[in-house]
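Novice: The following block contains a protein sequence and its predicted model.
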Amino acid sequence: MQATYDALVMLKMIHDAGCDIVNQPINYYCYDWGDQYPIFITCIKRVFGDVRKTYEGLNQHWEEVSTYRISFPEMALFFAIVDKEKSDNYAAKFNKMLKQECQYLEFNMDGLVATSCIHITLTGFYGILSPFLKVLLNIRQEVKQVIRDYKYQIQNGARNVQLLKQVQERIGSVPDVGIGEKTDIVFAKIMEYLHADLIMESKDAFTFDMMLTRLTHVLDQETINRKDEVA
């Protein structure tokens with residue numbers, strides 16, 4: 001019963017991680033301890049894609065040892081994003097997270113992260129596996145979050161440059177605002193700099209295309225006003 005519960009917990013985890021276990025179900029029923037082992041591997045495959053066993057045998061204590069290579073190509077981008085010091089710190093943190101022991105049985109997991117994969121080694125004949133899967137999912141979530149934040153910063157900065165470039169080219173100056181600010185803040189600063197109203201109830205209601213359209217209109221009007229002043 002405990003093994004079946006362990007399997008159900010793992011299925012819930014990968015469902016929460018975005019895997020479709022309704023249309024692509026996984027048989028979770030376990031007759032005995034150890035039956036959830038293949039379910040653990042199947043869950044990893046559903047989340048990460050490719051999983052390959054790289055070693056199977058017995059250690060000096062006659063304990064069963066199995067090593068797996070879990071494909072995780074996002075790790076390469078992750079390590080390219082963070083600097084050397086952070087990269088080393090993250091690697092040490094993840095490797096420490098991968099070192100897990102079953103609280104109830106003589107079964108443990110060890111592992112290390114590499115450039116494009118995670119290596120894990122399971123030692124023992126059987127144990128509770130859902131905590132091990134949780135660690136792998138937590139590492140995956142943290143890596144993906146750093147990548148999402150990085151991509152957002154790149155997109156955000158590019159949009160801010162585009163807005164400020166328009167202003168610079170049309171009137172020759174720009175407001176004092178950082179490129180790293182959120183785009184809606186930069187847009188609001190530009191509107192304030194040009195003494196223009198946001199029109200809408202909230203600046204958050206603007207899409208980027210709407211910001212560009214509104215800015216073009218305001219700059220056109222500003223150009224007309226300046227020509228009238230010269231005349």
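Specialist: Arrived safely, thanks for sending.

Novice: give the contact list for the residue nearest to the spatial centre of the chain.
Specialist: Nearest residue to the geometric centre of the chain (Cα atoms, centre = their mean): Lys144, 1.6 Å. Applying Cβ atoms under 8 Å, 6 or more residues apart in numbering to Lys144 gives the contacts Glu74. (Each C-beta comes from the backbone N, C-alpha and C, glycine too.)

Novice: do you know how far it is from Phe40?
Specialist: According to Cβ to Cβ, to the nearest Å, Lys144 and Phe40 sit 21 Å apart.

Novice: for this structure, what spans make up the helices?
Specialist: Remark: helices assigned in the chain by DSSP state H are 2-16, 37-48, 74-81, 84-97, 130-171, 183-193, 208-230.

Novice: Tell me which of the ones you listed approaches Val65 most closely.
Specialist: helix 37-48 (13.2 Å; Cβ to Cβ).

Novice: name the helices or strands packed onto that closest one?
Specialist: helix 2-16, strand 51-58, strand 64-71, helix 130-171 (3 or more Cβ pairs under 8 Å, 6 or more residues apart in numbering; DSSP states H and E).

Novice: just the angle between the longest one and strand 64-71, please?
Specialist: If I follow you right, that is helix 130-171. Inter-element angle recorded for helix 130-171 and strand 64-71: 20 degrees (by axes from the mean of the first three to the mean of the last three Cα atoms, to 10 degrees).

Novice: Helix 130-171: how far from the chain's middle?
Specialist: 9 Å (Cα atoms, centre = their mean, to the nearest Å).

Novice: So Thr223 is in contact with Val167, correct?
Specialist: No - counting by Cβ atoms under 8 Å, Val167 is not a contact partner of Thr223; they are 11.5 Å apart.

Novice: more neighbours, the two?
Specialist: Higher neighbour count among Thr223 and Val167: Val167, with 19 against 12, using other Cβ atoms under 10 Å.

Novice: Now do the contacts for that one.
Specialist: 173-175, 190, 193-194, 215, 219.

Novice: Most widely separated two among the residues you listed?
Specialist: Ser173 and Leu215, at 14.6 Å, using Cβ to Cβ across the contacts of Val167.

Novice: neighbour count winner among these two?
Specialist: More neighbours surround Leu215 than the other of Ser173 and Leu215, with 20 against 9 (other Cβ under 10 Å).

Novice: ok, that one to Ser130 distance?
Specialist: 52 Å.

Novice: pLDDT wise, what is Met1 at?
Specialist: You'll see Met1 listed with a pLDDT of 82.

Novice: neighbours around it, how many?
Specialist: With other Cβ under 10 Å as criterion, Met1 counts 6.

Novice: quick one: low-confidence parts of this structure?
Specialist: Along the chain, segments meeting pLDDT under 70 span 198-205, 224-231.

Novice: Many thanks, have a good one.
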